[in-house]
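Trainee: Here is my input, please return the structure:
(2 chains)
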Amino acid sequence: MTDDQQRKLFEALVAQSGLSFEEGREEMMFTVAKQIFEWSENIRPAAPAQTEPATAYDPGTIARVAS
Amino acid sequence: MDDFTALSIADLGRAYRAGSLSPVTVTETALSRIADANPSIRAFNTVTAEIAMEQANMAADNFAAGIDLGPMQGVPYGIKDIYDTAGVLTSCQSKLRPDVVPGSNAHSVQLMQDGGAVMLGKCATIEFATGGPSEDTLFPPARNPWNLDHVPGGSSSGSGAAVAAGMVRMALGSDTGGSIRGPAALCGTVGLKPTYGLVSRRGVFPLSYSMDHCGPLSWTVEDAALSLNVLAGHDPLDPASAGPFADVDYTQELDTGIAGLQLAFPANWLEEQDEADPEVMAAFESALDVFRDLGATVEPIELQSFQRYHACGRIIVLSECYSIHEQDLQTRPELYGRPTRERIMAGSFVRGADYVTAQRLRRELATEVNNTVLTKYDAILTPTFVRTAQRFDEMPSNPMKLGGMMTQPFNVTGSPAMSICSGYHSNGLPMSLQIAGRMFDEMMVLRVGAAYEAATAWRERRPQMSERLAAQ
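Mentor: Okay, here's the model as predicted:
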């Protein structure tokens, strides 16, 4: 995402949440949002999307399968 | 008054059972130490002296009557202030909860009580176990007993500080991204995050449903094992609880050594740490040499990037945490301290698609660690923190900066992971080593930690509390 796209997404998400920031903290929170947007681009699994069991992401199931 | 702070849980147990020491005396000493040191260290939000003396007398009566409830009988301990305690304020350090007094105990607190332990009080945390240290919360933040100008780590801040300062033998903590191991690392104690599902979270205020783990902080590895003997087990009322399991004595392999074990360290993760302190990294290299000298094989491995593990964990934690707090953030945001409010609000920037993608990646990463690396190796080693504790006045303004913790990956995978002390920096603060193992193989993690602890002299040093207090 470009910086401009990140800014628009940030503003949309803030509006959706109905939350407001302390005065003078908006730019810091935009920095935080950019960090999260970068994370979201770094978490694509190697495996393609496919039909998976509904419990596949339950951590209890992960723990039991892994053990 | 005699100083019993050097005695471990195991030492106390032997002395109690030999009749040479009374839980009443030890509890009085502990309360006296808290009275002296807590105004400076602020490890406790609430001290429950009356309950403590009642429980200490009960333990003494039990020993006299030949009743033995196990390794915690008569042992003074603290409880992170997000665990429910019947009749005692459970504040989560928050102005949203100034008068929340639960009617029942969290499952782990009940296990400790049933085992005859002596509750000294509620330990400071950072608000709702997230955010950062802030004076703008219901109680002030705990300080690091090694240097009061430095943070003790979070979020089990008071638990780590209380153990390091010798106020308690053990304290209950919780760990969602490193909140047991982080304070343990920065305060020089042992901190054990058990496998996801091994210790019940029932009655503990949630931060992130699928990442929260409960466990002990203690001074020694043996004390962590003794604590786990009491805390581990199936709880049918915690939906994430695994088991049921047969009872396990987690101390049984502590003395078996590590000759022949295969240990690994993720070399690419270390290269990614841009906040690494050279002295801490040198201490880690020295620790690897200790393991080699003890007969283990130590090899570098490569995993998917640390940032990928970290991002996966943070996306999940932020989403789940935001869902817990959204309504309060919308209706009474002014009651949160600013670091907490901003960190939780960051969850509103995570989209639903990101959360699901992170959960899919989580499964892939858990498989990489548990079903690939740990089928060949017995444990994975990293520093817990790649730096020492920051000063309060150096804490970053950005609420997302976590400052060199290497802990989040093992919340993502659910693996057991423990932090132990790996020496002392030239600035006088503790450094740390993290040991992670196979799912439900806490025995191996404790065995590796015990071997390192026995081969080094780091347990012989304690914070010089008398000098610190005199300087106040």
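Trainee: all strands in the stretch 101-250 of chain B, in order from the N-terminus.
Mentor: B:118-123, B:170-175, B:190-193, B:213-218 (DSSP state E, counting those that start in this stretch).
Trainee: Mean neighbour count, these: which tops it?
Mentor: strand B:190-193 (a mean of 33; mean count of other Cβ atoms under 10 Å in any protein chain shown). Heads up, the C-betas are built off the backbone N, CA and C, glycines and all.
Trainee: touching chain A at all, that strand?
Mentor: No. Remark: strand B:190-193 sits outside contact range of chain A, by Cβ under 8 Å from any Cβ of the partner chain, the gap being at least 13.0 Å.
Trainee: What's the mean pLDDT across that strand?
Mentor: Averaged across strand B:190-193, the pLDDT comes to 98.
Trainee: Check stretch B:102-111 too.
Mentor: For stretch B:102-111, the mean per-residue pLDDT is 98.
Trainee: Give me the contact list for that stretch.
Mentor: B:79, B:83-88, B:90, B:113, B:119, B:172, B:199-204, B:214, B:230-231, B:233, B:235, B:237-238 (Cβ atoms under 8 Å, 6 or more residues apart in numbering or on different chains).
Trainee: Which of the residues in that stretch are classified as buried?
Mentor: Neighbour-count burial for stretch B:102-111, with 16 or more other Cβ atoms under 10 Å in any protein chain shown as criterion, is recorded at B:Pro102, B:Asn105, B:Ala106, B:His107, B:Ser108, B:Val109, B:Gln110, B:Leu111.
Trainee: what residue ranges in chain A are flagged as low confidence?
Mentor: Scanning chain A for pLDDT under 70 picks out the ranges A:53-67.
Trainee: how far away is the residue most central in space within it from B:Gly404?
Mentor: Computing the C-alpha centroid of chain A and ranking residues by Cα atoms, centre = their mean puts A:Ser40 first, at 5.0 Å. A:Ser40 sits 23 Å away from B:Gly404, going by Cβ to Cβ, to the nearest Å.
Trainee: Same question for B:Ser134.
Mentor: 20 Å.
Trainee: what separates B:Ala287 from chain A, distance-wise?
Mentor: 27 Å (Cβ to the nearest Cβ, to the nearest Å).
Trainee: err, B:Asn45, not the other one
Mentor: 25 Å.
Trainee: Check B:Gln110 too.
Mentor: From B:Gln110 to chain A the distance is 22 Å (Cβ to the nearest Cβ).
Trainee: tell me the helices in the stretch 1-150 of chain B, going along the chain?
Mentor: In the stretch 1-150 of chain B, the segments counted as helices under DSSP state H, counting those that start in this stretch are B:9-18, B:23-41, B:49-64, B:107-114.
Trainee: May I see those organised as JSON lines, with distance to B:Gln273 added?
Mentor: Compiled in JSON lines, the helices of the stretch 1-150 of chain B are given as follows (distance: least, Cβ to Cβ, whole Å):
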{"stretch": "helix B:9-18", "distance to B:Gln273": "34"}
{"stretch": "helix B:23-41", "distance to B:Gln273": "29"}
{"stretch": "helix B:49-64", "distance to B:Gln273": "42"}
{"stretch": "helix B:107-114", "distance to B:Gln273": "33"}
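Trainee: Can you tell me which of those helices is packed in deepest?
Mentor: Burial of the helices of the stretch 1-150 of chain B is given as mean neighbour count (mean count of other Cβ under 10 Å); helix B:107-114 ranks first at a mean of 21.
Trainee: by how many degrees do that one and helix B:49-64 diverge?
Mentor: 50 degrees (axes from the mean of the first three to the mean of the last three Cα atoms, to 10 degrees).
Trainee: now the angle between strand B:118-123 and helix B:107-114, please.
Mentor: Relative orientation of helix B:107-114 versus strand B:118-123 (the same axes, to 10 degrees): 150 degrees.
Trainee: Work out the gap between helix B:107-114 and the centre of the chain.
Mentor: Taking Cα atoms, centre = their mean, to the nearest Å, one finds the center of helix B:107-114 at 17 Å from the center of the full chain.
Trainee: Next: stretch B:38-52.
Mentor: Centre to centre, stretch against its chain (Cα atoms, centre = their mean), the figure for stretch B:38-52 is 18 Å.
Trainee: residue contacts, the residue nearest to the centre of chain A?
Mentor: B:Ala311, B:Ile315, B:Val350, B:Arg351, B:Asp354, B:Thr357.
Trainee: Of those residues, which are in range of chain A?
Mentor: B:Ala311, B:Ile315, B:Val350, B:Arg351, B:Asp354, B:Thr357.
Trainee: how about the residues you listed, which pair is most distant?
Mentor: B:Ala311 and B:Arg351 (14.0 Å; Cβ to Cβ).
Trainee: Looking at these two, which has the bigger crowd around it?
Mentor: Higher neighbour count among B:Ala311 and B:Arg351: B:Ala311, with 24 against 17, using other Cβ atoms under 10 Å in any protein chain shown.
Trainee: tell me the contacts of the more buried one?
Mentor: Contact partners of B:Ala311, counting by Cβ under 8 Å, 6+ apart, are A:Glu38, A:Trp39, A:Ser40, A:Asn42, A:Ile43, B:Ala358.
Trainee: A helix includes it, no?
Mentor: Yes. Checked against DSSP: H, G, I helix; E, B strand; the rest coil, B:Ala311 lies within a helix.
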